[in-house]
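# sequence and predicted structure below; questions after.
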Amino acid sequence: MTSLALLVKLAGAPLNYLMLVALARAMDLEGYGVFAFGFSAALTLGQIALMGQQQLVMRVLPANTEPENAPVWKAALAYGLRHVAGAGAVLTLAFALYSLADAENRPMLAAALLVLPIAFAEFQSSVLRTQNRILGALVPRDILWRLSVIAAAGLVMLGILPQLEPAWAFLLCAGTLAFWLLVQSRFDPATRYRTAIAGPRTPHTAEWRDMSKSFWLASVVIVSGPNLAVVAIGLVMSPEKTAPFFAALKTAQLMTLLLLAANLAVTPMISRAYAEGARGTLRKICQSVSAAAGGFAALGMVAFWAFGGFALSLFGAGYATAKPELLILSFGFAVSAAGGPNGILMQMAGQEKAFARLSLIWNAAGLAALVPAVWAFGTLGAASVVALSTIAWNVHAWYLCRSRIGIDPSLLGFILPRLPQED
(Lines give C-alpha, C1' and ligand atoms only; values in the text may rest on other atoms or scores of the structure.)
Protein backbone atom coordinates (compact mmCIF):
# COMPACT_ATOMS: atom_id res chain seq x y z
CA MET A 1 0.00 0.00 0.00
CA THR A 2 2.85 2.38 0.79
CA SER A 3 4.41 1.86 -2.64
CA LEU A 4 1.03 2.37 -4.28
CA ALA A 5 0.50 5.69 -2.53
CA LEU A 6 3.98 6.81 -3.52
CA LEU A 7 3.38 5.93 -7.17
CA VAL A 8 0.06 7.79 -7.31
CA LYS A 9 1.58 10.87 -5.71
CA LEU A 10 4.56 10.77 -8.05
CA ALA A 11 2.15 10.64 -11.00
CA GLY A 12 -0.24 13.23 -9.56
CA ALA A 13 2.26 16.05 -8.99
CA PRO A 14 3.39 16.30 -12.63
CA LEU A 15 -0.27 16.11 -13.67
CA ASN A 16 -1.03 19.06 -11.40
CA TYR A 17 1.73 20.99 -13.11
CA LEU A 18 0.46 19.99 -16.56
CA MET A 19 -3.04 21.05 -15.54
CA LEU A 20 -1.81 24.55 -14.66
CA VAL A 21 0.23 24.72 -17.89
CA ALA A 22 -2.83 23.66 -19.93
CA LEU A 23 -5.00 26.31 -18.26
CA ALA A 24 -2.35 28.96 -18.99
CA ARG A 25 -2.34 27.88 -22.64
CA ALA A 26 -6.13 28.13 -22.73
CA MET A 27 -6.11 31.72 -21.38
CA ASP A 28 -4.33 34.97 -22.11
CA LEU A 29 -1.64 36.34 -19.77
CA GLU A 30 -3.96 38.80 -18.02
CA GLY A 31 -6.72 36.23 -17.56
CA TYR A 32 -4.28 33.70 -16.14
CA GLY A 33 -3.02 36.30 -13.69
CA VAL A 34 -6.58 36.72 -12.41
CA PHE A 35 -6.95 32.94 -12.24
CA ALA A 36 -3.65 32.63 -10.34
CA PHE A 37 -4.85 35.14 -7.73
CA GLY A 38 -8.23 33.43 -7.22
CA PHE A 39 -6.87 29.89 -7.30
CA SER A 40 -4.18 30.72 -4.73
CA ALA A 41 -6.75 32.42 -2.48
CA ALA A 42 -9.08 29.41 -2.77
CA LEU A 43 -6.23 27.00 -1.92
CA THR A 44 -5.43 29.04 1.19
CA LEU A 45 -9.05 29.26 2.30
CA GLY A 46 -9.57 25.55 1.62
CA GLN A 47 -6.62 24.73 3.88
CA ILE A 48 -8.02 27.00 6.59
CA ALA A 49 -11.43 25.33 6.25
CA LEU A 50 -9.89 21.93 6.99
CA MET A 51 -9.33 23.01 10.62
CA GLY A 52 -6.66 20.32 10.95
CA GLN A 53 -9.29 17.59 10.58
CA GLN A 54 -7.48 15.71 7.81
CA GLN A 55 -4.65 14.95 10.24
CA LEU A 56 -6.97 14.38 13.19
CA VAL A 57 -8.84 11.56 11.44
CA MET A 58 -5.51 10.04 10.40
CA ARG A 59 -4.52 9.98 14.07
CA VAL A 60 -7.84 8.94 15.68
CA LEU A 61 -9.66 6.62 13.25
CA PRO A 62 -6.96 3.93 12.86
CA ALA A 63 -6.67 3.68 16.67
CA ASN A 64 -10.41 3.01 17.11
CA THR A 65 -11.24 0.31 14.57
CA GLU A 66 -12.31 -2.34 17.11
CA PRO A 67 -16.10 -2.85 17.42
CA GLU A 68 -16.11 -1.67 21.04
CA ASN A 69 -14.59 1.65 19.92
CA ALA A 70 -17.17 2.25 17.17
CA PRO A 71 -18.82 5.18 19.05
CA VAL A 72 -15.47 6.98 19.28
CA TRP A 73 -14.74 6.27 15.60
CA LYS A 74 -18.13 7.65 14.53
CA ALA A 75 -17.79 10.66 16.83
CA ALA A 76 -14.36 11.53 15.39
CA LEU A 77 -15.68 11.33 11.83
CA ALA A 78 -18.68 13.49 12.70
CA TYR A 79 -16.47 15.97 14.56
CA GLY A 80 -14.23 16.39 11.55
CA LEU A 81 -17.07 16.58 9.09
CA ARG A 82 -18.94 19.25 11.02
CA HIS A 83 -15.85 21.43 11.30
CA VAL A 84 -14.85 21.14 7.64
CA ALA A 85 -18.39 21.73 6.36
CA GLY A 86 -19.03 24.66 8.71
CA ALA A 87 -15.73 26.42 8.17
CA GLY A 88 -15.87 25.80 4.43
CA ALA A 89 -19.34 27.32 4.16
CA VAL A 90 -18.33 30.42 6.15
CA LEU A 91 -15.17 31.00 4.13
CA THR A 92 -16.99 30.45 0.84
CA LEU A 93 -19.50 33.11 1.85
CA ALA A 94 -16.73 35.50 2.92
CA PHE A 95 -14.90 35.05 -0.40
CA ALA A 96 -18.16 35.56 -2.29
CA LEU A 97 -18.88 38.79 -0.40
CA TYR A 98 -15.36 40.02 -1.23
CA SER A 99 -16.03 39.35 -4.91
CA LEU A 100 -19.26 41.36 -4.80
CA ALA A 101 -17.62 44.39 -3.20
CA ASP A 102 -16.01 45.52 -6.48
CA ALA A 103 -17.05 44.92 -10.08
CA GLU A 104 -13.43 44.04 -10.98
CA ASN A 105 -13.53 41.18 -8.48
CA ARG A 106 -16.63 39.48 -9.93
CA PRO A 107 -14.65 36.48 -11.34
CA MET A 108 -13.78 35.68 -7.71
CA LEU A 109 -17.43 34.75 -7.16
CA ALA A 110 -16.73 31.63 -9.20
CA ALA A 111 -13.41 31.12 -7.40
CA ALA A 112 -15.31 31.00 -4.09
CA LEU A 113 -16.95 27.78 -5.29
CA LEU A 114 -13.54 26.09 -5.13
CA VAL A 115 -13.12 26.45 -1.36
CA LEU A 116 -15.41 23.62 -0.19
CA PRO A 117 -14.30 21.09 -2.85
CA ILE A 118 -10.63 21.79 -2.07
CA ALA A 119 -11.23 21.24 1.66
CA PHE A 120 -13.34 18.13 1.19
CA ALA A 121 -10.89 16.62 -1.29
CA GLU A 122 -8.19 16.57 1.40
CA PHE A 123 -10.51 15.48 4.22
CA GLN A 124 -12.20 12.75 2.23
CA SER A 125 -8.86 11.41 1.03
CA SER A 126 -7.62 11.17 4.62
CA VAL A 127 -10.72 9.26 5.73
CA LEU A 128 -10.35 6.75 2.89
CA ARG A 129 -6.64 6.29 3.64
CA THR A 130 -7.56 5.22 7.17
CA GLN A 131 -9.72 2.53 5.53
CA ASN A 132 -6.72 1.34 3.44
CA ARG A 133 -8.46 2.43 0.24
CA ILE A 134 -5.33 4.02 -1.19
CA LEU A 135 -6.39 4.14 -4.83
CA GLY A 136 -9.84 5.40 -3.92
CA ALA A 137 -8.31 8.05 -1.67
CA LEU A 138 -5.81 9.45 -4.14
CA VAL A 139 -6.78 8.72 -7.75
CA PRO A 140 -9.97 10.84 -8.06
CA ARG A 141 -8.29 14.13 -7.13
CA ASP A 142 -4.65 13.51 -7.98
CA ILE A 143 -5.28 11.84 -11.33
CA LEU A 144 -8.86 11.98 -12.66
CA TRP A 145 -9.67 15.57 -11.70
CA ARG A 146 -6.48 16.89 -13.23
CA LEU A 147 -6.93 14.84 -16.40
CA SER A 148 -10.47 16.22 -16.72
CA VAL A 149 -9.26 19.82 -16.53
CA ILE A 150 -6.39 19.09 -18.94
CA ALA A 151 -8.85 17.55 -21.41
CA ALA A 152 -11.17 20.58 -21.26
CA ALA A 153 -8.25 23.00 -21.65
CA GLY A 154 -7.02 20.88 -24.56
CA LEU A 155 -10.30 21.46 -26.38
CA VAL A 156 -9.64 25.20 -26.05
CA MET A 157 -6.10 24.85 -27.39
CA LEU A 158 -7.43 22.87 -30.35
CA GLY A 159 -9.89 25.68 -31.12
CA ILE A 160 -12.95 23.53 -30.41
CA LEU A 161 -13.90 25.70 -27.44
CA PRO A 162 -13.37 29.47 -27.09
CA GLN A 163 -10.59 30.93 -24.98
CA LEU A 164 -11.24 30.50 -21.25
CA GLU A 165 -12.16 33.51 -19.18
CA PRO A 166 -11.10 33.40 -15.50
CA ALA A 167 -14.64 32.76 -14.23
CA TRP A 168 -15.08 29.78 -16.56
CA ALA A 169 -11.68 28.42 -15.51
CA PHE A 170 -12.78 28.55 -11.87
CA LEU A 171 -16.10 26.88 -12.69
CA LEU A 172 -14.31 24.18 -14.68
CA CYS A 173 -11.98 23.38 -11.79
CA ALA A 174 -14.71 23.51 -9.13
CA GLY A 175 -17.26 21.54 -11.14
CA THR A 176 -14.96 18.70 -12.16
CA LEU A 177 -13.48 18.41 -8.65
CA ALA A 178 -16.95 18.29 -7.08
CA PHE A 179 -18.00 15.59 -9.57
CA TRP A 180 -15.03 13.34 -8.73
CA LEU A 181 -15.57 13.91 -5.00
CA LEU A 182 -19.14 12.66 -5.36
CA VAL A 183 -17.87 9.58 -7.19
CA GLN A 184 -15.18 9.07 -4.56
CA SER A 185 -17.67 9.31 -1.69
CA ARG A 186 -19.31 6.08 -2.87
CA PHE A 187 -16.11 4.05 -2.44
CA ASP A 188 -16.58 3.36 1.26
CA PRO A 189 -19.39 3.66 3.88
CA ALA A 190 -17.08 5.97 5.87
CA THR A 191 -17.51 8.73 3.27
CA ARG A 192 -21.27 8.47 2.87
CA TYR A 193 -21.94 11.49 5.04
CA ARG A 194 -25.72 11.67 5.17
CA THR A 195 -25.86 10.24 8.70
CA ALA A 196 -22.23 10.69 9.71
CA ILE A 197 -22.53 14.40 10.42
CA ALA A 198 -25.07 13.65 13.16
CA GLY A 199 -22.72 11.19 14.87
CA PRO A 200 -22.40 11.01 18.66
CA ARG A 201 -20.38 13.39 20.81
CA THR A 202 -17.79 12.06 23.26
CA PRO A 203 -15.66 13.29 26.18
CA HIS A 204 -12.72 13.34 23.74
CA THR A 205 -13.94 16.57 22.15
CA ALA A 206 -11.63 18.81 24.18
CA GLU A 207 -8.64 16.57 23.41
CA TRP A 208 -9.49 16.55 19.71
CA ARG A 209 -9.87 20.32 19.69
CA ASP A 210 -6.40 20.73 21.17
CA MET A 211 -4.84 18.30 18.68
CA SER A 212 -6.69 19.88 15.76
CA LYS A 213 -5.44 23.33 16.68
CA SER A 214 -1.80 22.24 16.48
CA PHE A 215 -2.33 20.34 13.23
CA TRP A 216 -4.30 23.24 11.76
CA LEU A 217 -1.76 25.94 12.58
CA ALA A 218 1.13 23.96 11.13
CA SER A 219 -0.63 23.00 7.90
CA VAL A 220 -2.18 26.42 7.28
CA VAL A 221 0.94 28.52 7.72
CA ILE A 222 3.11 26.20 5.60
CA VAL A 223 0.61 25.96 2.74
CA SER A 224 -0.56 29.56 2.90
CA GLY A 225 2.87 31.23 2.74
CA PRO A 226 3.64 30.57 -0.95
CA ASN A 227 -0.01 30.96 -1.98
CA LEU A 228 -0.37 34.25 -0.14
CA ALA A 229 2.69 35.52 -1.99
CA VAL A 230 0.65 35.16 -5.18
CA VAL A 231 -2.32 36.87 -3.49
CA ALA A 232 -0.11 39.75 -2.30
CA ILE A 233 1.28 40.28 -5.80
CA GLY A 234 -2.25 40.17 -7.19
CA LEU A 235 -3.36 42.86 -4.75
CA VAL A 236 -0.38 45.15 -5.35
CA MET A 237 0.61 44.49 -8.96
CA SER A 238 -1.08 43.76 -12.27
CA PRO A 239 -2.36 40.33 -13.43
CA GLU A 240 0.39 40.39 -16.07
CA LYS A 241 2.96 40.31 -13.22
CA THR A 242 1.01 37.80 -11.14
CA ALA A 243 0.81 35.16 -13.89
CA PRO A 244 4.60 34.66 -14.43
CA PHE A 245 5.26 34.60 -10.67
CA PHE A 246 2.56 31.94 -10.20
CA ALA A 247 4.14 29.89 -12.98
CA ALA A 248 7.57 30.25 -11.34
CA LEU A 249 6.18 29.23 -7.94
CA LYS A 250 4.45 26.11 -9.26
CA THR A 251 7.54 25.16 -11.26
CA ALA A 252 9.81 25.64 -8.24
CA GLN A 253 7.51 23.53 -6.06
CA LEU A 254 8.38 20.55 -8.25
CA MET A 255 11.61 20.51 -6.22
CA THR A 256 9.68 19.03 -3.29
CA LEU A 257 7.83 16.46 -5.41
CA LEU A 258 9.76 13.49 -4.05
CA LEU A 259 9.67 14.79 -0.47
CA LEU A 260 5.90 15.24 -0.46
CA ALA A 261 5.31 11.84 -2.01
CA ALA A 262 7.71 10.17 0.43
CA ASN A 263 6.13 11.94 3.42
CA LEU A 264 2.78 10.45 2.48
CA ALA A 265 4.32 6.98 2.25
CA VAL A 266 6.51 7.02 5.37
CA THR A 267 4.20 8.76 7.87
CA PRO A 268 2.78 5.49 9.28
CA MET A 269 6.27 3.94 9.24
CA ILE A 270 7.73 6.84 11.25
CA SER A 271 4.82 6.72 13.70
CA ARG A 272 5.23 2.97 14.23
CA ALA A 273 9.04 3.07 14.55
CA TYR A 274 8.89 5.88 17.11
CA ALA A 275 6.16 4.12 19.13
CA GLU A 276 8.24 0.92 19.18
CA GLY A 277 11.41 2.77 20.16
CA ALA A 278 13.20 1.54 17.04
CA ARG A 279 15.62 4.46 16.81
CA GLY A 280 17.87 2.86 14.23
CA THR A 281 14.93 2.12 11.95
CA LEU A 282 13.62 5.65 12.43
CA ARG A 283 16.99 7.14 11.45
CA LYS A 284 17.22 4.96 8.35
CA ILE A 285 13.71 5.95 7.22
CA CYS A 286 14.45 9.65 7.60
CA GLN A 287 17.84 9.44 5.90
CA SER A 288 16.39 7.47 2.99
CA VAL A 289 13.82 10.22 2.44
CA SER A 290 16.32 13.07 2.75
CA ALA A 291 18.79 11.35 0.41
CA ALA A 292 16.18 10.75 -2.29
CA ALA A 293 14.44 14.14 -1.90
CA GLY A 294 17.67 16.09 -1.55
CA GLY A 295 19.28 14.41 -4.54
CA PHE A 296 16.20 15.06 -6.66
CA ALA A 297 16.17 18.73 -5.59
CA ALA A 298 19.87 19.14 -6.42
CA LEU A 299 19.26 17.83 -9.94
CA GLY A 300 16.28 20.17 -10.17
CA MET A 301 18.39 23.19 -9.27
CA VAL A 302 20.86 22.37 -12.04
CA ALA A 303 18.03 21.79 -14.52
CA PHE A 304 16.30 25.07 -13.67
CA TRP A 305 19.56 27.00 -13.93
CA ALA A 306 20.09 25.63 -17.43
CA PHE A 307 16.51 25.29 -18.69
CA GLY A 308 14.37 27.40 -16.34
CA GLY A 309 13.38 29.83 -19.08
CA PHE A 310 12.27 26.97 -21.30
CA ALA A 311 10.24 25.41 -18.45
CA LEU A 312 8.41 28.69 -17.88
CA SER A 313 7.82 29.20 -21.60
CA LEU A 314 5.64 26.07 -21.51
CA PHE A 315 3.00 28.30 -19.91
CA GLY A 316 3.10 30.62 -22.92
CA ALA A 317 4.69 33.82 -24.15
CA GLY A 318 5.76 36.27 -21.45
CA TYR A 319 6.32 33.73 -18.67
CA ALA A 320 10.08 33.19 -19.10
CA THR A 321 10.71 36.66 -17.61
CA ALA A 322 10.22 35.05 -14.16
CA LYS A 323 13.37 32.89 -14.34
CA PRO A 324 15.17 34.89 -11.57
CA GLU A 325 12.17 34.34 -9.30
CA LEU A 326 12.19 30.65 -10.24
CA LEU A 327 15.84 30.25 -9.18
CA ILE A 328 15.30 32.05 -5.86
CA LEU A 329 12.21 29.99 -5.03
CA SER A 330 13.92 26.77 -6.12
CA PHE A 331 16.76 27.32 -3.68
CA GLY A 332 14.32 27.65 -0.77
CA PHE A 333 12.43 24.50 -1.74
CA ALA A 334 15.71 22.62 -2.31
CA VAL A 335 16.71 23.33 1.30
CA SER A 336 13.29 22.05 2.39
CA ALA A 337 13.80 18.84 0.42
CA ALA A 338 17.28 18.34 1.90
CA GLY A 339 15.75 18.75 5.38
CA GLY A 340 13.90 15.48 4.95
CA PRO A 341 10.65 14.58 6.76
CA ASN A 342 11.30 16.94 9.68
CA GLY A 343 7.70 18.09 10.08
CA ILE A 344 6.29 14.55 9.89
CA LEU A 345 8.88 13.34 12.41
CA MET A 346 7.98 16.08 14.89
CA GLN A 347 4.24 15.51 14.55
CA MET A 348 4.50 11.73 14.88
CA ALA A 349 6.91 12.01 17.84
CA GLY A 350 4.60 14.11 20.02
CA GLN A 351 6.16 17.45 19.06
CA GLU A 352 3.20 18.69 17.03
CA LYS A 353 2.74 21.77 19.24
CA ALA A 354 6.39 22.74 18.84
CA PHE A 355 6.13 22.25 15.09
CA ALA A 356 2.98 24.37 14.97
CA ARG A 357 4.72 27.14 16.92
CA LEU A 358 7.83 27.23 14.75
CA SER A 359 5.73 27.11 11.58
CA LEU A 360 3.60 29.97 12.85
CA ILE A 361 6.58 32.08 13.92
CA TRP A 362 8.56 31.87 10.69
CA ASN A 363 5.66 31.97 8.27
CA ALA A 364 4.02 34.83 10.17
CA ALA A 365 7.31 36.71 9.88
CA GLY A 366 7.33 35.94 6.18
CA LEU A 367 3.77 37.10 5.72
CA ALA A 368 4.50 40.32 7.61
CA ALA A 369 7.44 41.00 5.28
CA LEU A 370 5.57 40.01 2.13
CA VAL A 371 3.63 43.15 1.25
CA PRO A 372 6.53 45.55 2.03
CA ALA A 373 8.84 43.31 -0.02
CA VAL A 374 6.42 43.34 -2.95
CA TRP A 375 6.04 47.12 -2.73
CA ALA A 376 9.81 47.63 -2.62
CA PHE A 377 11.16 44.88 -4.90
CA GLY A 378 8.17 43.47 -6.78
CA THR A 379 8.07 39.78 -7.57
CA LEU A 380 11.76 39.34 -6.70
CA GLY A 381 10.93 40.53 -3.18
CA ALA A 382 8.07 38.05 -2.90
CA ALA A 383 10.27 35.18 -4.11
CA SER A 384 12.99 36.10 -1.60
CA VAL A 385 10.54 36.21 1.32
CA VAL A 386 9.03 32.84 0.43
CA ALA A 387 12.49 31.25 0.05
CA LEU A 388 13.88 32.72 3.29
CA SER A 389 10.84 31.78 5.39
CA THR A 390 10.92 28.25 3.97
CA ILE A 391 14.62 27.91 4.82
CA ALA A 392 14.11 29.38 8.32
CA TRP A 393 11.37 27.02 9.44
CA ASN A 394 13.20 24.00 8.04
CA VAL A 395 16.41 24.91 9.89
CA HIS A 396 14.44 25.43 13.12
CA ALA A 397 12.65 22.08 12.67
CA TRP A 398 16.00 20.37 11.99
CA TYR A 399 17.41 21.78 15.23
CA LEU A 400 14.40 20.60 17.27
CA CYS A 401 14.48 17.14 15.70
CA ARG A 402 18.09 16.79 16.82
CA SER A 403 17.72 18.36 20.27
CA ARG A 404 14.32 17.01 21.35
CA ILE A 405 13.85 13.77 19.44
CA GLY A 406 17.48 12.83 18.96
CA ILE A 407 17.14 12.10 15.26
CA ASP A 408 18.66 14.06 12.38
CA PRO A 409 16.23 13.65 9.45
CA SER A 410 18.26 15.78 7.01
CA LEU A 411 21.10 15.22 4.59
CA LEU A 412 23.40 16.60 7.29
CA GLY A 413 22.74 13.37 9.18
CA PHE A 414 25.13 11.69 6.76
CA ILE A 415 27.88 14.21 7.56
CA LEU A 416 27.55 15.22 11.20
CA PRO A 417 28.49 12.83 14.02
CA ARG A 418 25.66 10.45 14.91
CA LEU A 419 23.60 11.51 17.90
CA PRO A 420 23.74 9.13 20.93
CA GLN A 421 19.94 8.71 20.84
CA GLU A 422 20.04 7.44 17.25
CA ASP A 423 21.74 4.18 18.23
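Nice, I can see it.

# the helices in the stretch 201-350 of the chain, which residues?
Counting by DSSP state H, counting those that start in this stretch, the stretch 201-350 of the chain has helices at residues 205-236, 239-252, 257-275, 279-313, 323-338, 342-348.

# what residues does stretch 408-419 touch?
283, 286-287, 289-291, 294, 338-342, 345, 398, 401-402, 406-407, 422 (CB atoms under 8 Å, 6 or more residues apart in numbering). C-beta: built from backbone N, CA, C; applies to glycine.

# show me the contacts for residue 245.
By CB under 8 Å, 6+ apart, the residues touching residue 245 are 36, 229, 230, 233, 322, 325, 379, 382, 383.

# typed the wrong thing, it's residue 260
9, 13.

# if we go to 7 Å?
residue 9 (CB atoms under 7 Å, 6 or more residues apart in numbering).

# quick one: it from residue 145, how far?
In this view, residue 260 and residue 145 are 17 Å apart by CB to CB, to the nearest Å.

# give the closest residue to the most centrally placed residue in the chain in space, chain neighbours not counted.
The residue lying closest to the centre of the chain (CA atoms, centre = their mean) is residue 223, at 5.4 Å. Using CB to CB, 6 or more residues apart in numbering and skipping residues adjacent in sequence, the residue nearest residue 223 is residue 47, 4.6 Å away.

# next, that neighbour: phi, psi?
Per-residue torsions, residue 47: phi -70, psi -40 (degrees, to the nearest 10).

# which one of the helices of the stretch 201-350 of the chain lies nearest to residue 188?
helix 257-275 (18.3 Å; CB to CB).

# got the angle for the closest one vs helix 279-313?
Interaxial angle, helix 257-275 versus helix 279-313 (axes from the mean of the first three to the mean of the last three CA atoms, to 10 degrees): 160 degrees.

# just to revisit the earlier point, dump the helices of the stretch 201-350 of the chain into TSV; add distance to residue 362 and mean pLDDT as well.
Listed next are those as TSV, based on distance: least, CB to CB, whole Å; pLDDT from 0 to 100:
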stretch	distance to residue 362	mean pLDDT
helix 205-236	8	81
helix 239-252	18	95
helix 257-275	18	83
helix 279-313	20	93
helix 323-338	12	96
helix 342-348	12	89
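
# got the ones you listed as TSV, with distance to residue 93 columns?
Shown next, in TSV, are these (distance: least, CB to CB, whole Å):
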stretch	distance to residue 93
helix 205-236	18
helix 239-252	25
helix 257-275	31
helix 279-313	36
helix 323-338	33
helix 342-348	31
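
# spell out which residues make up each domain of the chain.
With automatic domain parsing as the criterion, the domains of the chain are listed as 1-202, 238-423.

# for this protein, which segments count as strands?
Taking DSSP state E as the criterion, the chain carries no strands.

# report pLDDT for the residue in the chain sticking out farthest from the centre.
In the chain, the residue that sits farthest from the middle, by CA atoms, centre = their mean, is residue 68; the gap is 34.9 Å. Listed pLDDT for residue 68 reads 77.

# distance of it relative to residue 79?
From residue 68 over to residue 79 the distance is 19 Å, taken as CB to CB.

# ok, now which ones touch residue 55?
So residue 55 contacts 215, 219 (CB under 7 Å, 6+ apart).

# what's the distance between it and residue 220?
Applying CB to CB to residue 55 and residue 220 gives a distance of 11 Å.

# which parts of stretch 136-149 are buried?
Going by neighbour count (16 or more other CB atoms under 10 Å), the buried part of stretch 136-149 is 136-146, 148-149.

# any chance of JSON lines for these, columns distance to residue 215?
Listed next are the buried residues of stretch 136-149 as JSON lines, based on distance: CB to CB, whole Å:
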{"residue": "136", "distance to residue 215": "23"}
{"residue": "137", "distance to residue 215": "18"}
{"residue": "138", "distance to residue 215": "20"}
{"residue": "139", "distance to residue 215": "25"}
{"residue": "140", "distance to residue 215": "23"}
{"residue": "141", "distance to residue 215": "20"}
{"residue": "142", "distance to residue 215": "21"}
{"residue": "143", "distance to residue 215": "26"}
{"residue": "144", "distance to residue 215": "27"}
{"residue": "145", "distance to residue 215": "24"}
{"residue": "146", "distance to residue 215": "26"}
{"residue": "148", "distance to residue 215": "30"}
{"residue": "149", "distance to residue 215": "29"}
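
# restricted to helices, list those residues.
The helices, defined by DSSP state H, take in 136, 137, 138, 139, 146, 148, 149 from the buried residues of stretch 136-149.

# verify the stated contact: the fifth one with residue 14.
No. With contact defined as CB atoms under 7 Å, residue 146 and residue 14 do not form a contacting pair (9.4 Å).

# could you measure from the residue nearest to the centre of the chain over to residue 350?
Shown here: residue 223 relative to residue 350, a distance of 23 Å by CB to CB.

# over to residue 14?
In terms of CB to CB, residue 14 sits 35 Å off from residue 350.

# ok, and the closest non-adjacent residue to residue 296?
residue 258 (4.3 Å).

# what number of residues lie near the one you found?
Residue 258: 22 surrounding residues under other CB atoms under 10 Å.

# same deal with residue 25?
Residue 25, neighbours per other CB under 10 Å, totals 17.

# I figured it was touching residue 157, is that so?
Yes. If you go by CB under 7 Å, residue 25 and residue 157 touch, sitting 5.3 Å apart.

# low-confidence ranges in the stretch 51-200 of the chain?
195-200 (pLDDT under 70).

# so how far is residue 309 from the closest residue to residue 310 other than its chain neighbours?
Of all residues not flanking residue 310 in the chain, residue 320 sits nearest, at 7.6 Å (CB to CB, 6+ apart). Going from residue 320 to residue 309 by CB to CB gives 4 Å.

# swap in residue 140?
Residue 140 is 35 Å from residue 309, by CB to CB.

# just to revisit the earlier point, show me which of residue 320 and residue 309 is the more surrounded one.
Neighbours were counted for residue 320 and for residue 309 using other CB under 10 Å; residue 320 has more, 19 against 14.

# OK, contacts around that one?
309, 312, 313.

# residue 20: which of those is nearest?
residue 312 (11.8 Å).

# what about that closest one, distance to residue 225?
Look at residue 312 and residue 225: by CB to CB, they are 21 Å apart.

# same question for residue 407.
In terms of CB to CB, residue 407 sits 25 Å off from residue 225.

# so the two - more neighbours on which side?
Just comparing residue 407 and residue 225: by other CB under 10 Å the higher neighbour count belongs to residue 407, 26 against 22.
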